[in-house]
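>>> A predicted structure for the sequence below; I have some questions about it.
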Amino acid sequence: MESSVRVYRCGELRPGERVFRERGVKVGATLGDAIAQWANRGVAYGDVWPLRLFEGSVMPADVLSTEEHAMRVRALVVEREVPLREAFGPRTEDLVRLIDSMDGTRWLRPDGRAGSVARIAELIAEHYAALLDYGPVTARPARVVRTWHEARDLYSTVEVRAEAATAAIQAACVVNGGSETYIAAQIAESKLARSAFCGVWSASWLEAARSATTGIHALPLVGQIVGSNRHDGIATASRAVDGLVKALGAAREPAWRAGWNAAYQMFNGVPDEVTDPEILYAEAVDAARMAFVRNVPARPLHALDCETCASAPDLRDAIATVFITHTCSMVWTVAMKAAQLASCRGSYLVNALPQADPWRPLSEIWQLGGCPLGASKSAFLVFLPEPKS
């Protein structure tokens, strides 16, 4: 007896086509578990868009294994293409528009338009008004910060998420309609989270580099060199700024790999705690140190028994470590915030919740080029960089 299944695939499938793979492919199982993953060139579902939904049938002899929400089959026969609305629900059009808008998001690139700060204040008020649908919450006014250095330092004042916000997230993630809705929500979350994480990581990394160039981020660290190296403090400090910027560039790729791997675990619900930044970004720090050595070489003026000259290499390495670790941690934090916000909006739309959407106002802040950091005791903090000329 044939089993009816559904499968997502980016690309062309034709009715009547028998799709075959020796190692098998995951598709929707029977008994209502109707939608699952097509392992297309090793890309996980949700990484590519647009997705297309096809319905087909599988002969029992082609079933290799069964799982809770899917089965692995050797072959299936394609029968028809199914409208996405059957999987993503009544708000599919809104979800598609949201996904399509990700490429045009002004990640940390405000256009300097007059009224942006006032609009952010309105959006934060709308965010709190929507949260009231999920539980009591104390509204806070918006506070906009304009420099990376200030945003980094103020982030430590952000409080634990309000109970109403937690309730809203739990409501969005509730599965209404069985495994098909569950997997459809996973697909939307995966696509949105990945797009947001990638976009914000690149933008915030460039913003950190810009801050280093202007001395905003590097100044406290450069001060360590000036204060400790009495021989040629000013010259060393000037070379250190240039060296730190080059070190930042060298560290970007290994930092990205480490940051994305940790984020991927969180997106997939892996219970392990996030690794300490010093360990997580060890490879990035090593790359930065090598770049820093090339651009700010230690040049002792005296014999090694000179305490200042002898400590110069260790001081240089320590500065690179602190600079890269702090930069990576803040960039990762901002990227994770964007990814989590985007995936919550996706879940909200798939589940078609009757309550208000508390993530729409925060998403609009991203569209303005700002980053909603979260609520402190006195305000809701939003990082809106100075527009670049």
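Thanks, I have it.
>>> for the protein, what helix or strand is lowest in average pLDDT?
helix 219-228 (a mean of 52; mean pLDDT, DSSP states H and E).
>>> a helix runs through residue 54, doesn't it?
No. Counting by DSSP: H, G, I helix; E, B strand; the rest coil, residue 54 is not part of a helix but strand.
>>> ok, now how distant is residue 141 from residue 359?
Counting by C-beta to C-beta, to the nearest Å, the gap from residue 141 to residue 359 is 20 Å. In short, each C-beta sits where N, CA and C put it, glycine included.
>>> give the buried residues for the top strand by length along the chain.
Scanning the chain for the strand with the most residues, using DSSP state E, yields strand 70-82. Buried positions in strand 70-82, judged by neighbour count with 16 or more other C-beta atoms under 10 Å: 70, 71, 72, 73, 74, 75, 76, 77, 78, 79, 82.
>>> the fifth one is in contact with residue 65, isn't it?
No. Counting by C-beta atoms under 8 Å, residue 74 does not reach residue 65; the two are 10.5 Å apart.
>>> skipping its backbone neighbours, what lies nearest residue 364 in space?
Closest residue in space to residue 364, ignoring its immediate chain neighbours: residue 123 at 5.5 Å, by C-beta to C-beta, 6 or more residues apart in numbering.
>>> wait, doesn't the one you found sit right on residue 363?
No. In this structure residue 123 lies outside contact range of residue 363 using C-beta under 8 Å: 9.2 Å.
>>> now the strands for the stretch 251-389 of the chain?
Using DSSP state E, counting those that start in this stretch, the strands of the stretch 251-389 of the chain run over 371-375, 380-383.
>>> what's next to the last one, contact-wise?
When you say that, I think you mean strand 380-383. The contact list for strand 380-383, computed with C-beta atoms under 8 Å, 6 or more residues apart in numbering, reads 108, 120, 124, 127, 140-146, 148, 151, 154-155, 157-158, 334, 365, 370-375.
>>> number of nearby residues for the residue nearest to residue 259 when sequence neighbours are not counted?
Closest residue to residue 259 apart from its sequence neighbours, by C-beta to C-beta, 6+ apart: residue 332 at 4.6 Å. Using other C-beta atoms under 10 Å, the number of residues around residue 332 comes to 25.
>>> related to what we said a few turns ago, filter the contacts of strand 380-383 down to just the buried residues.
108, 120, 124, 127, 140, 142-145, 148, 151, 154-155, 158, 334, 365, 370-375.
>>> picking up where we left off before, any idea how many residues pack against the residue nearest to residue 364?
Neighbour tally, residue 123, other C-beta under 10 Å: 22.
>>> ditto for residue 248
Residue 248 has 28 neighbours, counted by other C-beta under 10 Å.
>>> the chain should start at 71 in everything you say after this.
Got it, the first residue is 71 from now on, which makes the last one we talked about residue 318.
>>> do I have it right that it meets residue 280?
No. At 10.3 Å, residue 318 does not count as touching residue 280 under the criterion of C-beta under 8 Å.
>>> go ahead and confirm residue 176 touches residue 439.
Yes. Shown here, residue 176 and residue 439 form a contact pair, counting by C-beta under 8 Å, at 4.1 Å.
>>> of these two, who's got more company?
Neighbours per residue (other C-beta under 10 Å) separate residue 176 from residue 439, with residue 439 holding more: 21 against 14.
>>> just checking, the more buried one touches residue 178?
Yes. Using C-beta under 8 Å, residue 439 is in contact with residue 178, at 6.1 Å.
>>> tell me the contacts of residue 399?
By C-beta under 8 Å, 6+ apart, the contact list for residue 399 reads 347, 351.
>>> that should have said residue 240, apologies.
Listed by C-beta under 8 Å, 6+ apart, residue 240 has no contact partners.
>>> what angle do the helix or strand harbouring it and strand 441-445 make?
For residue 240, the element it lies in under DSSP states H and E is helix 233-243. Here helix 233-243 runs at an angle of 120 degrees relative to strand 441-445 (axes from the mean of the first three to the mean of the last three C-alpha atoms, to 10 degrees).
>>> residues of helix 233-243 that come out buried?
Result for helix 233-243 [16+ other C-beta under 10 Å]: buried residues 234, 235, 237, 238, 239, 241, 242, 243.
>>> so the last one sits against residue 252, correct?
Right, the one you point to is residue 243. No. Between residue 243 and residue 252 there is no contact under C-beta under 8 Å: 9.5 Å.
>>> report the mean confidence score over the helix ranked longest in the chain.
As assigned by DSSP state H, the longest helix anywhere in the chain is helix 377-421. For helix 377-421, mean pLDDT is 85.
>>> check stretch 443-459 too.
The average pLDDT within stretch 443-459 is 87.
>>> that older thread, any shared contact partners between residue 439 and residue 178?
Counting by C-beta under 8 Å, 6+ apart, the residues touching both residue 439 and residue 178 are residue 455.
>>> partners of the nearest residue to residue 441 once chain neighbours are set aside in the sheet?
Spatial nearest neighbour of residue 441, chain neighbours left out: residue 453 (4.3 Å); criterion: C-beta to C-beta, 6+ apart. For residue 453, the beta-bridge partners are residue 215, residue 441 (DSSP bridges).
>>> give me the neighbour count for residue 453.
Residue 453 is flanked by 26 other residues according to other C-beta under 10 Å.
>>> equivalent analysis for residue 425, please.
For residue 425, the tally of surrounding residues (other C-beta under 10 Å) stands at 15.
>>> isn't it up against residue 242?
No. Under the criterion of C-beta under 8 Å, residue 425 lies out of contact with residue 242, with a separation of 9.3 Å.
>>> next up, phi/psi of residue 428, please.
phi -80, psi -10 (degrees, to the nearest 10).
>>> okay, now it: neighbour count?
For residue 428, using other C-beta under 10 Å, the count is 26.
>>> apart from its chain neighbours, what residue comes closest to it?
Per C-beta to C-beta, 6+ apart, closest to residue 428 is residue 200, 3.9 Å.
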